[in-house]
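A.B. asks: return atomic coordinates for the entry below.
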Amino acid sequence: MNQTLAAFDAVILECQDIFVKKTKDYGTAWRILRPASLTDQIFIKAKRIRNLQSNLEQKVDEGMDVEFVGIINYALMALIQLKHPPQDPDYKVDPEQAMQWYREEASEIKTLLERKNHD
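C.D. replies: Down below sits the predicted model:
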């Protein structure tokens with residue numbers, strides 16, 4: 001179980017790094033998205049992974065890792081949106097607050113992972 005938790009932490013750290021970089025570039029514009037829109041983004045990423053796995057020839061040298069990271073980050077954004085719905089018209093949130101919510105959601109997921117894999 002310790003290896004699983006260490007792997008989880010490493011993946012979340014990588015995903016969080018991308019989340020931070022995107023937040024610096026785009027701010028918290030994702031706050032305007034409804035959960036259904038975030039679900040659509042997850043579907044698009046999953047479809048892209050399927051296409052990468054099915055096609056023998058790739059015209060752009062991109063791996064699947066970035067798509068999996070996108071799925072994780074969109075899923076965390078959706079969880080945040082469900083707990084903290086945007087307040088129109090001021091849907092934006094301080095990047096530090098967004099990071100706090102991100103870490104809280106990731107922590108809850110890790111706790112669930114621990115509980116489900118206690119044996």
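A.B. asks: which element is the most centrally placed residue in the chain on?
C.D. replies: Geometric centre of the chain, nearest residue: residue 73, 0.9 Å, by CA atoms, centre = their mean. According to DSSP states H and E, residue 73 maps onto helix 65-83.
A.B. asks: ok, and for that helix, which residues are buried?
C.D. replies: By 16 or more other CB atoms under 10 Å, the buried positions in helix 65-83 come out as 67-81. Placement of C-beta: from N, CA and C, glycine included.
A.B. asks: again with stretch 95-109
C.D. replies: 98, 101, 102, 105, 106, 109.
A.B. asks: dump the residue contacts of the third one.
C.D. replies: Contacts here follow CB atoms under 8 Å, 6 or more residues apart in numbering; on that basis residue 102 touches 16, 19, 76, 80.
A.B. asks: give the buried residues for the longest helix anywhere in the chain.
C.D. replies: As far as residue count goes, and with DSSP state H defining each element, the longest helix of the chain is helix 2-26. Using 16+ other CB under 10 Å as the test for burial, helix 2-26 gives 12, 15, 16, 19, 23.
A.B. asks: can you tell me the element the residue nearest to the first one when sequence neighbours are not counted falls in?
C.D. replies: Residue nearest to residue 12 in three dimensions, not counting chain neighbours: residue 106, with 4.9 Å by CB to CB, 6 or more residues apart in numbering. In this structure, residue 106 sits in helix 95-116 according to DSSP H and E.
A.B. asks: so how far is that helix off the chain centroid?
C.D. replies: Its chain's average C-alpha position is 11 Å from that of helix 95-116, according to CA atoms, centre = their mean, to the nearest Å.
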